[in-house]
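Asker: coords below, sequence missing:
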Ligand SMILES: N#Cc1c(-c2ccc3ccn(Cc4ccc(CN5CCCC5)cc4)c3c2)n[nH]c1N
């Protein structure tokens, strides 16, 4: 998979050089390139924003630099991912879908967003997915791009050493929340590890974990008990 990110803050994407994406790059499983949007400006001030038509607070990102950047970076048929508060909710199901693509291009906006004609023009030759991390407001798309990239890259065959953990992390039974995890020491600040986990009785342990998943889900995410929210039960992409 090739991943390109276009942003006015290239340094914001330095974390892609670390840990999981960093190792995947070293293994040759992914190629990643970050591009400065201002590369495609032509005025002395390298202008990327202007006042919004129709009035309103803040500034809007101009279409011209984005159009030239996407023409240069995104080949026909690539998938353009545009983080935006107005996007479709980003869930594990979408992460698994994006993990099947050959090339992802992320358009990281700032200010009050990117001129809407950029996505409309891109949709003429690209798959365009406008996505939102959740119902809160960030200042730009870079944080969202990092999150989406991590969620997608970890699903790629060969990236995570222990594929079993991918299988188990379908949020416990039937897409519920994860059960609590513990490790040594067995007692810590007068807090003990649940005895069942020390029993060696794998059937009892599995039953306790399933019950803990259900208990947590009822308490924190009752919505997961009804709808198939985001497809937690998504399996990783089949090995190449
Ligand atoms: N993913 C994701 C995101 C983002 C996100 C993603 C990308 C950009 C680019 C710019 N911003 C800042 C911003 C702030 C407020 C508004 C709404 N305004 C109301 C009237 C006109 C706009 C629009 C954008 C972004 C925010 N925020 N939250 C998420 N889950």
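Answerer: That came through, no problem. The shown structure was predicted, so the numbers you read here are calculated from the model rather than taken from an experiment.

Asker: What residues does the nearest residue to residue 220 once chain neighbours are set aside make contact with?
Answerer: Spatial nearest neighbour of residue 220, excluding adjacent residues (CB to CB, 6 or more residues apart in numbering): residue 177 at 6.3 Å. Bear in mind the C-beta positions are built from the backbone N, C-alpha and C, glycine included. Applying CB atoms under 8 Å, 6 or more residues apart in numbering, one finds that residue 177 lies in contact with 171, 213, 216-217, 220-221, 224.

Asker: tell me the centre residue of this structure?
Answerer: residue 148 (1.3 Å; CA atoms, centre = their mean).

Asker: contacting residues around it?
Answerer: Counting by CB under 8 Å, 6+ apart, residue 148 touches 81, 83, 90, 95, 98, 106, 131, 133.

Asker: same deal with residue 97?
Answerer: Residue 97 neighbours (CB under 8 Å, 6+ apart): none.

Asker: Name whatever forms a beta bridge with residue 35.
Answerer: Listed beta-bridge partners, residue 35: residue 6 (assigned using DSSP bridges).

Asker: Tell me the spacing between it and residue 200.
Answerer: Distance, residue 35 to residue 200, by CB to CB, to the nearest Å: 54 Å.

Asker: Surely the residue nearest to the centre of the chain forms part of a helix?
Answerer: Yes: assessed by DSSP: H, G, I helix; E, B strand; the rest coil, residue 148 belongs to a helix.

Asker: how close does it get to residue 115?
Answerer: Counting by CB to CB, the gap from residue 148 to residue 115 is 22 Å.

Asker: the more surrounded of residue 35 and residue 200?
Answerer: Neighbours per residue, other CB atoms under 10 Å: of residue 35 and residue 200, the larger number sits with residue 35, 18 against 8.
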